[in-house]
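Asker: make a model of this:
(one chain, ligands or ions: 1)
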Amino acid sequence: MTDGDGADWTDAETFAAALDRAETREKGHFFEFFAEGDEIEHDPGIRLARAGNEQWLSQTLNHDPAYWRTDVAAERGFEEPPIHPDYLLACVMGPSVEDLSEKGGYFLGRTNVRYHETVYPGTEVHVLSTVVDTRTSSSRPDYGIVTWQTEGYDADTGDVLVSYERTNMIPRREQVATDGGSTERSDTYTASDVPDLPETFVTPDGGYLEDFRAALDRAEDEDAAVAYRHERGRTMDDTLVAGLPLATLNTARQHHNRDEMADSPSGDVVAYGDVTRSIALAHARSDEATYRERRFENERFHDFVTLGDTVYGFTRVLDADRPVADAEAGAVTFQHVAFNQENTPVYSGERTALVRCRPE
Ligand SMILES: CC(C)(COP(=O)(O)OP(=O)(O)OC[C@H]1O[C@@H](n2cnc3c(N)ncnc32)[C@H](O)[C@@H]1OP(=O)(O)O)[C@@H](O)C(=O)NCCC(=O)NCCSC(=O)C[C@](C)(O)C(=O)O
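Answerer: Below you'll find the model as predicted:
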């Protein structure tokens, strides 16, 4: 293909020279872009479809029938099978990525996650973020650390559906953007690394509220913790690593651009933190009679998860309330840890959920 100047722009050598000279039309923002108090409305928004919900839930092993079966949904007080809170959260974060974190840099953590409403398929969600903090990373001068407060709201009613604060590492403009991680994995835990662990680990007899309360009572009488692991694991494949984040409009290169990630410390694409977390939570929920999700605090992503890694779950029960009068369920607070095949923690977070009472 030649044009007026006689050059064949698709000849490999000519094209390589053209690429060398061309400016790149960039996506995303460097650290310097963000200033405390800035508000950013994320253009894409998203429409929550039943198919997307079911794809997320099936692939992450969140198989609670209340999100599939109309009879079970009705028994739990829903109008119809609703949008799952994990999918809702990922769908609110996804459209914010282009403005906030597409430049690269890891998702470090999130706190104050609040679910305000039950959400049903067909809801159109718009997303708004406010910059609440910016600081230079003392350990990694190429990066800044930015915290945003984000709200996903119903585009029709204006009602806030979910809100949270998230923190990312964001590359500074003058530095080459990588994903910022260390290639070193943490060592596998050994007993001698963790001398402060309680002597006894108590496992609840079942997954109802009474089981968690009884287990905590048992643990109170001795040097014990209510803590146990879940049997299931899920190996990260292409659907989970690249497919699910793109289905939430998450454009972070970490999840779908193997070419760029090959040179990064992880050496490959990494899983979207919300996918990793949702898998570990699914393992935990499969051993519990969940009624409603309430809130999450202190979520941290400790290490990256790449293609072929397997995500397992571990749970510590921190507290269990009495039943809420009209709901036949009570609040239980857990600490969940996702870990990989090398027993390395990759995620941890505190979760409060309403758990059903044992049926009469
Ligand atoms: C990032 C790595 C390499 C650092 O590992 P490290 O051990 O070297 O560092 P650290 O000491 O744990 O933390 C480094 C700095 O971050 C700060 N920090 C740390 N956590 C928090 C937090 N929650 N809130 C506030 N600040 C935090 C911490 O205080 C420290 O500050 P400093 O540099 O000034 O000393 C390591 O932790 C790691 O590999 N983590 C895994 C990250 C990951 O895989 N995230 C999920 C996938 S990326 C993703 O989903 C993308 C997304 C969703 O699409 C999208 O944002 O666009």
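Asker: C-alpha from now on. contacts and neighbour counts both.
Answerer: Noted.
Asker: and the next helix or strand past the one helix or strand residue 318 maps to?
Answerer: Assigned by DSSP states H and E, residue 318 belongs to strand 310-324. Moving toward the C-terminus from strand 310-324, the first helix or strand encountered (DSSP H and E) is strand 329-339.
Asker: now do that next one against strand 310-324, angle only.
Answerer: 160 degrees (axes from the mean of the first three to the mean of the last three CA atoms, to 10 degrees).
Asker: related to what we said a few turns ago, the strand holding residue 318 packs against which elements?
Answerer: On a contact count with 3 or more CA pairs under 8 Å, 6 or more residues apart in numbering; DSSP states H and E, strand 310-324 meets helix 209-220, strand 224-235, helix 273-285, strand 329-339.
Asker: need the contact list for the residue most central in space within the chain.
Answerer: Centroid check for the chain by CA atoms, centre = their mean gives residue 274 as the closest residue, at 1.7 Å. When contacts are counted by CA atoms under 8 Å, 6 or more residues apart in numbering, residue 274 touches 86, 89-90.
Asker: please produce JSON lines containing these, extended by neighbour count.
Answerer: Converted to JSON lines, the contacts of residue 274 look like this (neighbours: other CA atoms under 10 Å):
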{"residue": "86", "neighbour count": "21"}
{"residue": "89", "neighbour count": "21"}
{"residue": "90", "neighbour count": "22"}
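Asker: and of the residues you listed, the nearest to residue 26?
Answerer: Proximity of these to residue 26 (CA to CA) peaks at residue 90, which lies at 24.3 Å.
Asker: what's the helix or strand for the closest one?
Answerer: Using DSSP H and E, residue 90 falls in helix 85-93.
Asker: tell me the angle of that helix relative to helix 273-285?
Answerer: 170 degrees.
Asker: pull the residues that contact the strand holding residue 318.
Answerer: 209, 212-213, 216, 225-236, 276, 279-281, 283-284, 329-341, 357.
Asker: that one near the ligand at all?
Answerer: No. Counting by CA under 6 Å from any ligand atom, the ligand has no neighbours in strand 310-324; the shortest distance is 12.6 Å.
Asker: buried residues in that strand?
Answerer: Buried residues in strand 310-324, counted by 16 or more other CA atoms under 10 Å: 310-318, 320-321, 323.
Asker: among the residues you listed, which pair sits farthest apart?
Answerer: 310 and 323 (35.6 Å).
Asker: circling back to that earlier point, distance from the chain centre to the strand holding residue 318, please.
Answerer: Distance of strand 310-324 from the chain centroid (CA atoms, centre = their mean, to the nearest Å) equals 17 Å.
Asker: circling back to that earlier point, ok, which of the helices and strands packed on strand 310-324 comes nearest the ligand?
Answerer: Of all the helices and strands packed on strand 310-324, it is helix 273-285 that lies closest to the ligand, at 3.8 Å by CA to the nearest ligand atom.
Asker: contact partners of the helix or strand following that closest one?
Answerer: Heading C-terminal from helix 273-285, the first helix or strand you meet, by DSSP H and E, is strand 290-301. With contact meaning CA under 8 Å, 6+ apart, strand 290-301 is reached by 76, 85, 107-115, 273, 329, 346-356.
Asker: just the buried ones from these, in ChimeraX syntax?
Answerer: Per 16+ other CA under 10 Å, the buried members of the contacts of strand 290-301 correspond to this ChimeraX selection:
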select :76,85,107,108,109,110,111,113,114,115,273,329,346,347,348,349,350,351,352,353,354,355,356
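Asker: rewinding a little: give me the buried subset of the contacts of strand 310-324.
Answerer: 209, 212-213, 216, 225-230, 232-236, 276, 279-281, 283-284, 329-340, 357.
Asker: these: which ones sit near the ligand?
Answerer: Checking the buried ones among the contacts of strand 310-324 against the ligand (CA under 6 Å from any ligand atom), there are no matches.
Asker: can you classify residue 54 as helix, strand or coil?
Answerer: Put simply, residue 54 is helix when judged by DSSP: H, G, I helix; E, B strand; the rest coil.
Asker: tell me how many other residues crowd it.
Answerer: Neighbourhood size, residue 54 [other CA atoms under 10 Å]: 18.
Asker: which stretches of the protein form strands?
Answerer: Listed in chain order, the strands of the chain (DSSP state E) span 39-47, 107-115, 124-136, 143-154, 160-171, 200-202, 224-235, 290-301, 310-324, 329-339, 345-356.
Asker: turn these into JSON lines, including mean pLDDT.
Answerer: Below are these laid out as JSON lines (pLDDT from 0 to 100):
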{"stretch": "strand 39-47", "mean pLDDT": "92"}
{"stretch": "strand 107-115", "mean pLDDT": "96"}
{"stretch": "strand 124-136", "mean pLDDT": "97"}
{"stretch": "strand 143-154", "mean pLDDT": "97"}
{"stretch": "strand 160-171", "mean pLDDT": "97"}
{"stretch": "strand 200-202", "mean pLDDT": "94"}
{"stretch": "strand 224-235", "mean pLDDT": "96"}
{"stretch": "strand 290-301", "mean pLDDT": "97"}
{"stretch": "strand 310-324", "mean pLDDT": "95"}
{"stretch": "strand 329-339", "mean pLDDT": "97"}
{"stretch": "strand 345-356", "mean pLDDT": "97"}
